[in-house]
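Peer 1: Here's my sequence, what's the structure:
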Amino acid sequence: VETLPEKTTTDGEVYRRLMAKAYMVRTASNGDLISEIQGGIKKEVSVSCTMGKKLCSVCGADMYKGGCDHEKGGEYGGKLCYHILDEPLDAYEWSFVAVPAQVNAGVTKRFALREKQESTDKSYELALAREAFEKDVLRLSYFCKPFMSAKRVKELAELMTVTELIDFRGRLEKQAAENEEVYKAERESFITGDYKM
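Peer 2: The predicted model follows:
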């Protein structure tokens, strides 16, 4: 992080920018890309990252832990509201884009919060939830009749929306519970000698 004391941000704080350095070996396949970077054609960039905290600039509330009622871009008591990304955990994508989400984002990028961080976080959380529901559906399918192969259950689950997965999981839970009662009765009959073949 570089501090530029002669510049200030919109809300009057000292201007800081995040500088990242990358290198690539000159090869025939990437020669055009290197020329476009050096010529200023490829300039705007986007960086996707995961942060441990996203704090309100007005009150300090963590958006990941319930947040607050302040809205980004609004002014409260003369103070601009924005989200401060804190405790970086991962930067998992860096790419050139036609139009950056952040003003002046570029190869020499000014310090800025990524505008689409919220949608990235929500997409990640939705993907984790989907994965959990798919695992539940697969686990529950083993207790249901008629039996389907794990491969077939996975294929079906991948075609479903999250809402459909939740509904399907509920139906499988109900069927698994009903089958559990049947299995218990069969076990008890077998143990007591009432079981007939």
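
Peer 1: How is the protein partitioned into domains?
Peer 2: Residue ranges for each domain of the chain read 2-114, 124-192, as given by automatic domain parsing.

Peer 1: Can you pull up the most central residue in this structure?
Peer 2: Geometric centre of the chain, nearest residue: residue 124, 1.8 Å, by Cα atoms, centre = their mean.

Peer 1: Ignoring the adjacent residues along the chain, who's closest to that one?
Peer 2: Nearest non-adjacent residue to residue 124, counting by Cβ to Cβ, 6 or more residues apart in numbering: residue 50, 7.5 Å away. All C-beta spots, glycine's among them, are computed from the backbone N, C-alpha and C.

Peer 1: for stretch 139-155, which positions count as buried?
Peer 2: For stretch 139-155, the buried set under the neighbour-count rule, 16 or more other Cβ atoms under 10 Å, comprises 140-141, 143-144, 153.

Peer 1: Residues contacting stretch 172-180, please?
Peer 2: Outside stretch 172-180, the residues within contact range by Cβ atoms under 8 Å, 6 or more residues apart in numbering are 137, 140-141, 143-145.

Peer 1: what's the average pLDDT for that stretch?
Peer 2: In this model, stretch 172-180 has an average pLDDT of 81.
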